[in-house]
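>>> show me the folded form of this:
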Amino acid sequence: MDDDALALVIDLRDEALREVAREVDAAMTGAFVPRVLPDVPGEPITRVVLLVDEGAPVVLPIDATDDVRWLDALARLVRFAVLRGETVREVAQRYGEPYERAMALPRWELDAVRLPERVRRALG
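Next comes the predicted model:
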């Protein structure tokens, strides 16, 4: 994999997840949580980098895309799945909007990848 290639970085470290939990709590109480999509990347994104507390960042491949809505939704689903202790697919179906429920989600081969158990469960 090209080390200079653009990547979707999903921060799953404890501090980042505490921030996500605060945002979810605010949204559950009816508070408006604005979502701003990033700019369209200059080249397609072909990998996801997971930042975890236990070890080095984990790099996983995805089909090349510059669809920022899909990338944003994937990041939100992964973070929420880790928080809930559910899989990304379960979260998409249970809590997702029609767009998230219809997304083609990546299927990663994780057998040889070192991941914290809660992250492995979410991606399973």
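>>> on the three-state scheme, the most centrally placed residue in the chain is what?
Centroid-nearest residue in the chain: residue 75, 2.5 Å away (criterion: C-alpha atoms, centre = their mean). In three-state terms, and counting by DSSP: H, G, I helix; E, B strand; the rest coil, residue 75 is helix.
>>> name the SS class of the spatially closest residue to it that is not a sequence neighbour, please.
Leaving aside its chain neighbours, residue 75 sits nearest to residue 10 (4.9 Å; criterion: C-beta to C-beta, 6 or more residues apart in numbering). Bear in mind the C-beta positions are built from the backbone N, C-alpha and C, glycine included. Three-state call for residue 10 (three-state DSSP): strand.
>>> roughly how far does residue 10 sit from residue 109?
Separation of residue 10 from residue 109 (C-beta to C-beta, to the nearest Å) stands at 18 Å.
>>> all strands for this structure, in order.
8-11, 45-51, 58-65 (DSSP state E).
>>> give me the contact list for stretch 116-124.
Stretch 116-124 has contacts (C-beta atoms under 8 Å, 6 or more residues apart in numbering) with 12, 50, 52-54, 58, 78, 81-82, 85-88, 108, 110, 115.
>>> which parts of it are buried?
For stretch 116-124, burial by neighbour count (16 or more other C-beta atoms under 10 Å) applies to 116, 118-119, 121-123.
>>> can I get these in a markdown table with pLDDT and distance to residue 36?
Converted to a markdown table, the buried residues of stretch 116-124 look like this (pLDDT from 0 to 100; distance: C-beta to C-beta, whole Å):
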| residue | pLDDT | distance to residue 36 |
| --- | --- | --- |
| 116 | 92 | 29 |
| 118 | 93 | 27 |
| 119 | 95 | 25 |
| 121 | 95 | 29 |
| 122 | 96 | 24 |
| 123 | 95 | 26 |
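>>> about what we covered before: neighbour count winner among residue 10 and residue 109?
residue 10 (23 against 8; other C-beta atoms under 10 Å).
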